[in-house]
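Participant: The amino acid sequence is not available; the structure is as follows:
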């Protein structure tokens, strides 16, 4: 195993770098889109709720691979070119944001509805009450599931290998084809993933303990 790692260390490191970059980019945009859609799901305006519900239910209930392949195959065919890395990141973002939106919605609905009424009775608008009173409290509720979604996103980033996304799994596929040493190659790939997911898991547990105080 160590001979494979030593010989192909630059390739593993390159894949690790692209996995990290893809995960960070997808996470940032997933949080933004997911938070927006989650808030929209609790809106009093029916059309706003309908749009967000369609988005969440549609993308949450189809395979991630289909979303990624749509941007990798269909979009370049009819609209504009998209790289494998970009299509993977876009797919990850859309797919993960639908789950984050559901977490945000549940967090907001966990807050006593009376607080919204109290805020608006004090002269705050709906958006101001959501921004200054409801959402800050909801964050405490949704942080643990958001941690789990972050870990899932990192693991799901292996989908980039299907579209030549230069990630860890993609590099592992290339190395296994060159060495025919499948077991050791993918054990090393798994270890690299654990280097990301283990710290995230323990950090998530740390946040859960702090928020429980």
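Facilitator: Arrived safely. Every value quoted in this text rests on a predicted model; they were computed, and no experiment measured them.
Participant: In the chain, which helix is the longest?
Facilitator: helix 9-41 (DSSP state H).
Participant: how distant is the helix or strand following it from the center of its chain?
Facilitator: Downstream of helix 9-41, the next assigned helix or strand under DSSP states H and E is helix 46-60. Taking Cα atoms, centre = their mean, to the nearest Å, one finds the center of helix 46-60 at 18 Å from the center of the full chain.
Participant: From the contact counts, what lies against the helix or strand that helix 46-60 is followed by?
Facilitator: Using DSSP H and E, the helix or strand that follows helix 46-60 towards the C-terminus is helix 64-69. Counting contacts by 3 or more Cβ pairs under 8 Å, 6 or more residues apart in numbering; DSSP states H and E, helix 64-69 is packed against helix 84-109. Every residue, glycine included, has its C-beta placed from N, CA and C.
Participant: Let me know the average pLDDT across the helix it packs on.
Facilitator: Taken as a whole, helix 84-109 has a mean pLDDT of 94.
Participant: wait, doesn't residue 5 sit right on residue 12?
Facilitator: Yes - Residue 5 is within contact range of residue 12, at 6.8 Å (criterion: Cβ atoms under 8 Å).
Participant: any shared contact partners between those two?
Facilitator: residue 188 (Cβ atoms under 8 Å, 6 or more residues apart in numbering).
Participant: Which pLDDT value belongs to the closest residue in space to residue 48 that isn't next to it in sequence?
Facilitator: Excluding its sequence neighbours, the residue lying closest to residue 48 (Cβ to Cβ, 6 or more residues apart in numbering) is residue 40, at 5.0 Å. For residue 40, the model assigns a pLDDT of 91.
Participant: count of residues packed around residue 40?
Facilitator: Counted with other Cβ atoms under 10 Å, the neighbours of residue 40 add up to 21.
Participant: residue contacts, it?
Facilitator: Here residue 40 is in contact with 48, 49, 51, 52 (Cβ under 8 Å, 6+ apart).
Participant: which one of these is nearest residue 157?
Facilitator: Nearest to residue 157 among the contacts of residue 40, counting by Cβ to Cβ, is residue 52 at 25.2 Å.
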